[in-house]
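K.L.:
Got a sequence here, can you build the structure:
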Amino acid sequence: MFCTKCGKPLIENAVFCAYCGTRVILADQTLSNTSPTNNTKSDIRVMVCKACNSNNVIKTDSYYVCQACGTKYEVDPVSGQVDVSGSSVKIDQTKSAQNYLALAKNAYDSTDYEEAEKYCNKLLEINYKDYKAWEIKGFSVMHKAKLGDAIPKETVKCFIQALNYYPQEMVEDFKLRITKEIPSRAHKVIEYMTVRNVVEDPVADHTSEIRVQIVHYIERFDELEKELKISFQELKMSLPNTIDIAVCKLWELKISKILADDVPYPGSSELATITQRATRCLALQGLAAHVYINDLKGNDLNTILRRYQNMIIMATQIAGLRNQKRTESNWTTKDYYLDEYSRNIFIDKIIMYHNWIKKYDPSHRVPTKSDVKKTL
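P.N.:
The predicted model follows:
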């Protein structure tokens with residue numbers, strides 16, 4: 001026996017073609033007409049489920065039930081017939097809906113978000129007002145998006161639909177889940193982009209991309225706040241902290257640890273990589289400090305000043321780098337700094353960061369270039 005769609009041989013008793021996935025319809029699987037007064041051969045037909053096209057339909061009591069998807073067909077009380085293509089059929093797809101919801105939940109719990117969304121769509125074709133289907137679909141769309149993407153607009157639409165149909169007594173629990181899962185996703189994306197910029201591609205400056213990403217998140221948060229009446233103010237203000245924490249960890253692992261006293265100093269190529277990563281770290285710290293600079297009510301001024309101080313410490317560490325030269329017995333420090341051009345760049349950054357502090361603290365003293373060089 002061969003598949004009617006692709007022509008490939010079918011496995012014995014197969015329900016689907018193993019090559020193209022087409023459901024197998026067997027010509028000899030028939031049902032007799034249900035009319036109590038008419039049981040002639042002319043009334044025998046192949047019955048195919050209207051919901052899933054399966055021909056595995058079995059009579060149970062006064063119903064015919066599809067064994068593949070659970071759709072229930074009721075015999076028309078007037079004609080006594082079951083006609084799956086006609087208006088005389090009353091279709092009860094409750095079991096199908098329950099099956100699709102269970103499959104969607106299982107797929108979501110297994111992090112198979114593509115499958116979860118597929119089953120939700122099938123369920124919504126049966127019942128457009130199923131709030132759980134809208135909820136699971138919304139989270140699935142969000143989680144299957146690339147980490148570099150903001151919250152998809154479709155996720156917002158799904159949440160709005162779910163809220164429209166959610167029982168009133170369950171609305172707050174739904175909103176609580178949103179306020180837990182969306183922040184987790186947002187922090188994961190921002191941290192991923194920060195790490196990628198410092199570790200994977202330190203030569204290119206992706207700071208502007210991360211800034212755009214934060215702006216996109218803020219737009220989605222504003223939309224969710226408006227439609228779902230949920231406050232994301234605390235989350236908005238926490239995004240710079242995610243950058244700050246990630247940068248500090250990266251600095252410790254990728255720069256400070258390498259430059260520790262008990263670790264030999266890097267050669268010229270490694271030194272170039274370190275300075276590139278340091279430049280990215282400083283740019284990202286600047287972004288963390290400035291992203292909400294015009295909203296000091298939500299972004300504590302002391303936090304901003306602390307980030308400036310951290311940036312001064314980081315830039316000073318790089319500006320004062322020395323190379324080391326290997327002798328026969330041990331490593332000895334060579335009286336050699338960064339090249340003068342690179343060194344001056346970091347010295348200028350140090351002075352700039354001091355000026356940023358002075359903008360908010362007029363009593364702060366800004367050192368001269370010679371003052372900075374003396375501290376290196």
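K.L.:
Quick check: residue 227 touching residue 156?
P.N.:
Yes: using C-beta atoms under 8 Å, residue 227 is in contact with residue 156, at 7.1 Å. No exception for glycine: its C-beta is placed from N, CA and C like everyone else's.
K.L.:
Looking at the two now, which is surrounded by more residues?
P.N.:
Neighbour tally, residue 227 and residue 156, criterion other C-beta atoms under 10 Å: the higher count belongs to residue 156, 20 against 13.
K.L.:
what helix or strand is that one on?
P.N.:
Residue 156 is part of helix 153-165 when elements are defined by DSSP states H and E.
K.L.:
For that helix, which residues meet the burial criterion?
P.N.:
Residues of helix 153-165 classed as buried by neighbour count (16 or more other C-beta atoms under 10 Å): 155, 156, 157, 158, 159, 161, 162, 163.
K.L.:
Give the full set of residues in contact with the first one.
P.N.:
Neighbouring residues of residue 155 by C-beta atoms under 8 Å, 6 or more residues apart in numbering: 138, 139, 141, 142.
K.L.:
Now do the helix or strand where the second one lies, average pLDDT.
P.N.:
Put plainly, it is residue 139. Element membership for residue 139 (DSSP H and E) is helix 131-144. Helix 131-144 shows a mean pLDDT of 93.
K.L.:
Repeat that for stretch 163-177.
P.N.:
Computed over stretch 163-177, the average pLDDT equals 90.
K.L.:
Could you report the separation of the residue nearest the centre of the chain from residue 188?
P.N.:
Most central in the chain under C-alpha atoms, centre = their mean is residue 143, positioned 3.8 Å from the mean C-alpha point. For residue 143, the distance to residue 188 (C-beta to C-beta, to the nearest Å) stands at 10 Å.
K.L.:
what number of residues lie near residue 72?
P.N.:
So residue 72, with other C-beta under 10 Å, has 17 neighbours.
K.L.:
With residue 236 instead?
P.N.:
21.
K.L.:
what does the one 3 residues further on give?
P.N.:
Counted with other C-beta under 10 Å, residues neighbouring residue 239 total 23.
K.L.:
Rounded mean pLDDT for whichever strand or helix holds it, please.
P.N.:
Assigned by DSSP H and E, residue 239 belongs to helix 233-251. The predicted model gives helix 233-251 an average pLDDT of 86.
K.L.:
Residues touching that helix, excluding its own?
P.N.:
For helix 233-251, contacts defined as C-beta under 8 Å, 6+ apart pick out 179, 182-183, 186-187, 190-191, 194-195, 198-199, 210, 214, 217-218, 221, 277-278, 281, 284-285, 287-289, 291-292, 298-299, 307, 310, 314.
K.L.:
quick revisit: out of the buried residues of helix 153-165, the closest to residue 118 would be?
P.N.:
Within the buried residues of helix 153-165, the smallest distance to residue 118 is 14.2 Å, found for residue 158 (C-beta to C-beta).
K.L.:
returning to that earlier point: tell me the contacts of the residue nearest to the centre of the chain?
P.N.:
111, 113, 185.
K.L.:
One more: residue 69?
P.N.:
49, 51, 52, 54, 95, 96, 99.
K.L.:
In strands, which of these appear?
P.N.:
Per DSSP state E, strands hold no members of the contacts of residue 69.
K.L.:
Distance to residue 73 added to those residues, as CSV?
P.N.:
Output for those, formatted as CSV (distance: C-beta to C-beta, whole Å):
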residue, distance to residue 73
49, 8
51, 10
52, 12
54, 12
95, 12
96, 12
99, 16
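K.L.:
and the least confident of these?
P.N.:
Lowest pLDDT among the contacts of residue 69: residue 51, 69.
K.L.:
What subset of the contacts of helix 233-251 is buried?
P.N.:
For the contacts of helix 233-251, buried by 16+ other C-beta under 10 Å: 182-183, 186-187, 190-191, 194, 198, 210, 214, 217-218, 221, 277-278, 281, 284-285, 287-289, 291-292, 299, 307, 310, 314.
K.L.:
Just the ones of those in helices?
P.N.:
Mapping the buried ones among the contacts of helix 233-251 onto helices (DSSP state H) picks out 182-183, 186-187, 190-191, 194, 210, 214, 217-218, 221, 277-278, 281, 284-285, 287-289, 307, 310, 314.
K.L.:
Now do the helix holding residue 156 and helix 131-144, the angle between them.
P.N.:
Orientation of helix 153-165 against helix 131-144 (axes from the mean of the first three to the mean of the last three C-alpha atoms, to 10 degrees) gives an angle of 160 degrees.
K.L.:
quick one on the thing from earlier: distance of the residue nearest to the centre of the chain from residue 270?
P.N.:
From residue 143 across to residue 270, the span is 38 Å (C-beta to C-beta).
K.L.:
what do residue 143 and residue 188 both touch?
P.N.:
When C-beta under 8 Å, 6+ apart defines a contact, no residue borders residue 143 and residue 188 alike.
K.L.:
out of everything not next to it in sequence, what's closest to residue 279?
P.N.:
residue 202 (7.5 Å; C-beta to C-beta, 6 or more residues apart in numbering).
K.L.:
For the one you found, which residues are in contact?
P.N.:
273, 276, 277, 279, 280.
K.L.:
Can you report how many residues lie near residue 290?
P.N.:
Neighbour count for residue 290, taken as other C-beta under 10 Å: 15.
K.L.:
Kindly indicate which of the contacts of residue 69 lies nearest residue 126.
P.N.:
Nearest to residue 126 among these is residue 96, at 6.1 Å by C-beta to C-beta.
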